[in-house]
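K.L.:
What would the 3D arrangement of this be:
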Amino acid sequence: MAQLFLCFLLTFAALEPLASEAAASASFLSVNGFSWSNCDGESLPGKIKSLSVNPNPINIPGDLTVSTVLETKVPLTSPVKVIITAEKELLGEWMKVPCLDNIGSCTYDNACELIDTIFPPGQQCPEPLRTYGLPCHCPFKEGVYSLPDTTLTLPNVDLPSWLANGNYRITGILMADNKEIGCGKFTFSLESSSWWF
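P.N.:
Modelled structure (predicted):
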């Protein structure tokens, strides 16, 4: 699970230079009621030990301050599989969101290759990862990874109107060598300033 969350942080770091350009031409999203949990008790070797995000609500585009402590008790080498299940609440029932353009309930068979497309091997890791000695390429060594309060700029996200409002729950499963390494659950609600459907 630690590596899964690290992938999210890497994505935000990669998109940060695009934020000011996107903010000029987009609608705004508000993320409310964000919460998280490990969904496996203490049985799996990958854990989110702590996670704090501010402000509440989170505005997209906008600044997000995040701090986290992640732990993995096993090293991870390529290929690392990530399985995301996204669900939206409709009329009191949870409905699975399909995978469209890599948004929704998607399976990524080799997250290490995806990371390498964002940060080509041989290049330094971006800030703030470099400052805190956090890796941005596989393999990930076992150990504890700590990111103190760090402010990231979130770029605009262009979601279809049917996704831009509502309550969501996301489950992320991290697998390596056909074994489940970690599992995390995230819940939140979305509200769009330009929602029309």
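
K.L.:
Double-check that residue 116 belongs to a helix.
P.N.:
Yes: if the criterion is DSSP: H, G, I helix; E, B strand; the rest coil, then residue 116 is within a helix.

K.L.:
elements contacting the longest strand seen in the chain?
P.N.:
Counting by DSSP state E, the longest strand found in the chain is strand 179-192. Contact partners of strand 179-192 among helices and strands, from 3 or more CB pairs under 8 Å, 6 or more residues apart in numbering; DSSP states H and E: helix 2-15, strand 29-38, strand 46-54, strand 166-176. In this view, the C-beta of every residue, glycine as well, is placed from N, C-alpha and C.

K.L.:
partners of it, with directions?
P.N.:
If you go by DSSP bridges, strand 179-192 pairs up with strand 29-38 (antiparallel), strand 166-176 (antiparallel).

K.L.:
what's the most buried one of these?
P.N.:
Ranked by mean neighbour count, the strands paired with strand 179-192 are led by strand 166-176 with a mean of 19 (mean count of other CB atoms under 10 Å).

K.L.:
Could you pull up the mean pLDDT of that strand?
P.N.:
When pLDDT is averaged along strand 166-176, the result is 94.

K.L.:
Adjust the sequence numbering to begin at 27 for everything that follows.
P.N.:
Shifting the count to begin at 27 puts that one at strand 192-202.

K.L.:
residues in contact with it?
P.N.:
27, 29-30, 65, 72, 100, 102-103, 105-116, 120, 123, 206-216 (CB atoms under 8 Å, 6 or more residues apart in numbering).

K.L.:
Now do that strand and strand 72-80, the angle between them.
P.N.:
150 degrees (axes from the mean of the first three to the mean of the last three CA atoms, to 10 degrees).

K.L.:
ok, back up a step: nearest to residue 168, out of the strands paired with strand 205-218?
P.N.:
strand 192-202 (11.8 Å; CB to CB).

K.L.:
distance between the closest one and the chain's centre?
P.N.:
Distance of strand 192-202 from its chain centroid, counting by CA atoms, centre = their mean, to the nearest Å, is 9 Å.

K.L.:
Compare the helices and strands packed on strand 205-218 and say which comes out lowest on pLDDT.
P.N.:
Ranked by mean pLDDT, the helices and strands packed on strand 205-218 bottom out at helix 28-41, with a mean of 43.

K.L.:
tell me how far the ends of stretch 119-133 are from each other?
P.N.:
One end of stretch 119-133 to the other measures 23 Å (CA to CA, to the nearest Å).

K.L.:
Stretch 197-210 too?
P.N.:
One end of stretch 197-210 to the other measures 6 Å (CA to CA).

K.L.:
starting at the chain centroid, how far to that stretch?
P.N.:
Relative to its chain's centre, stretch 197-210 lies at 14 Å (CA atoms, centre = their mean).

K.L.:
My guess is residue 175 contacts residue 91. True?
P.N.:
Yes: with contact defined as CB atoms under 8 Å, residue 175 reaches residue 91; the gap is 5.6 Å.
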